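In: can't give you the sequence, but here's the structure:
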């Protein structure tokens, strides 16, 4: 049994197999109606629990569709359905779910919830997002970069903005996939100290982006942030907006990514999002293919 909890907890060779498998499955679907099942049905007669303490669009749809394409069925559970850790313990919930389903994906707040679920589940557990990391997103991002611009090894990736959970998974990926990662953002929003040594910092965004192969950003605010925090973050991050002038500093063939949802003309301008170097919708689609490959890997399929 193999969990997919974080990129840095998965062997680089396995990560490469997952990316290559995702690309192969995407190629096999070319020309097929979107709702059509795959020829290969590795999840036939399998039930997958999708747990959402945090709401989601891309994670829910991509996992649900991916399971169905591979012949399986899904059981979608919200935080209100589960009351994780309130009443029944997470450990007992994991034990019970393991008697009903073959695989668990959980999108939650605290990393401790994910880790306890994995410790006590007797089926594989996948990290759909925590406040600390977002590994499925970065697997899709690596896949997207490589299908446009070839191997990511040795490339320069620049993150502009908040050193958040998505950045943390990028930092883990930089070591596993051997690319250079640069963080540019205010000191007040630096990444967690545990990531030290996995990236370099350049406070000047123009200098940071010079020669970049990929420029990435994320939303400045969370849906849970109060208005006062939103205003404070905007003031701190305004200088790190990804716009046409900033992208002009990157290589001519540099790509732009954002995991979505985006606040247009805040962290990134619409002209960049809709421009020729933006691959944000390929990136969103590749969540489906990357996660299908992750599920197959977890189940040994």
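Out: On my side now, so go ahead. These figures come from a predicted structure and were not determined experimentally.
In: Strands of the stretch 1-150 of the chain, residue ranges please.
Out: For the stretch 1-150 of the chain, the strands defined by DSSP state E, counting those that start in this stretch occupy 47-52, 73-78, 103-107, 125-129.
In: any chance of those strands in TSV, with distance to residue 298 and mean neighbour count too?
Out: In this view, the C-beta of every residue, glycine as well, is placed from N, C-alpha and C. Below are these laid out as TSV (distance: least, CB to CB, whole Å; neighbours: other CB atoms under 10 Å):
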stretch	distance to residue 298	mean neighbour count
strand 47-52	10	22
strand 73-78	15	16
strand 103-107	6	26
strand 125-129	6	26
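In: of all the ones you listed, which lies closest to residue 7?
Out: Residue 7 lies closest, by CB to CB, to one member of those: strand 125-129, at 9.5 Å.
In: Give me the angle between the closest one and strand 47-52.
Out: 30 degrees (axes from the mean of the first three to the mean of the last three CA atoms, to 10 degrees).
In: what's strand 125-129 packed up against?
Out: With contacts defined as 3 or more CB pairs under 8 Å, 6 or more residues apart in numbering; DSSP states H and E, strand 125-129 has these neighbours: strand 47-52, helix 58-69, strand 103-107, helix 111-120, helix 135-149, helix 280-298.
In: Out of those, which one sits most buried?
Out: With neighbours defined as mean count of other CB atoms under 10 Å, the helices and strands packed on strand 125-129 peak in mean count at strand 103-107, which reaches a mean of 26.
In: Adding mean pLDDT and distance to residue 215, write the strands of the stretch 1-150 of the chain out as JSON lines.
Out: As requested, the strands of the stretch 1-150 of the chain are exported to JSON lines (pLDDT from 0 to 100; distance: least, CB to CB, whole Å):
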{"stretch": "strand 47-52", "mean pLDDT": "97", "distance to residue 215": "30"}
{"stretch": "strand 73-78", "mean pLDDT": "96", "distance to residue 215": "34"}
{"stretch": "strand 103-107", "mean pLDDT": "98", "distance to residue 215": "26"}
{"stretch": "strand 125-129", "mean pLDDT": "98", "distance to residue 215": "22"}
